[in-house]
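**Student:** Have a look; sequence and predicted model below, questions after that.
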Amino acid sequence: LRSRLIAQELAGHGGMASLATSADQARELLTGHDDVWIAAVNGPTSTVIAGTPTGLAEVTTAAENAGLRTRTLPVDYASHTPHVER
């Protein structure tokens, strides 16, 4: 059921990316982006963000410009965020 709902309702409307930074620095990068959230904190220098494709692109570009390593995750919805509430 979960997979079916993801495919029918969420797929293609978001994404996720890993940032090699702290949750605090990730929060700073998210300032002004109400369509991107911290989805997971995997360690002191590993934070996953999720949100709309446009918002993710803007935040990951800002992170890369700040010298941070980013990696887009192979997910096409914003898991672990309010984006999946619907």
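**Tutor:** That came through fine. Residues are numbered from 1 along each chain as shown.
**Student:** burial count for the spatially closest residue to residue 52 that is not a sequence neighbour?
**Tutor:** What sits nearest to residue 52 in space, not counting adjacent residues and going by Cβ to Cβ, 6 or more residues apart in numbering, is residue 35, at 4.4 Å. Just so you know, the C-beta spots here come from the backbone N, C-alpha and C atoms, and that holds for glycine as well. Per other Cβ atoms under 10 Å, the neighbour tally for residue 35 reads 19.
**Student:** Now residue 42: which helix or strand?
**Tutor:** Per DSSP states H and E, residue 42 falls inside strand 36-43.
**Student:** what's the spacing between the nearest residue to residue 41 once chain neighbours are set aside and residue 3?
**Tutor:** Using Cβ to Cβ, 6+ apart and skipping residues adjacent in sequence, the residue nearest residue 41 is residue 23, 4.7 Å away. Relative to residue 3, residue 23 is positioned 29 Å away (Cβ to Cβ, to the nearest Å).
**Student:** So the two - more neighbours on which side?
**Tutor:** residue 23 (19 against 8).
**Student:** what residues are up against the more buried one?
**Tutor:** 38, 41, 47 (Cβ atoms under 8 Å, 6 or more residues apart in numbering).
**Student:** Got phi/psi on the residue nearest to residue 6 when sequence neighbours are not counted?
**Tutor:** Excluding the flanking residues, the one nearest residue 6 by Cβ to Cβ, 6+ apart is residue 77, at 6.2 Å. Reported as degrees, to the nearest 10, the phi and psi values for residue 77 are phi -150, psi 160.
**Student:** Could you report the pLDDT at residue 77?
**Tutor:** pLDDT, residue 77: 78.
**Student:** do the same with residue 21
**Tutor:** Residue 21 is assigned 97 on the pLDDT scale.
**Student:** wait, doesn't residue 55 sit right on residue 32?
**Tutor:** No: the pair residue 55 / residue 32 is not scored as a contact, 9.8 Å apart, by Cβ atoms under 8 Å.
**Student:** neighbour count winner among those two?
**Tutor:** Set residue 55 next to residue 32 and count neighbours by other Cβ under 10 Å: residue 55 wins out with 21 against 10.
**Student:** got the buried residues for stretch 64-74?
**Tutor:** 68, 70 (16 or more other Cβ atoms under 10 Å).
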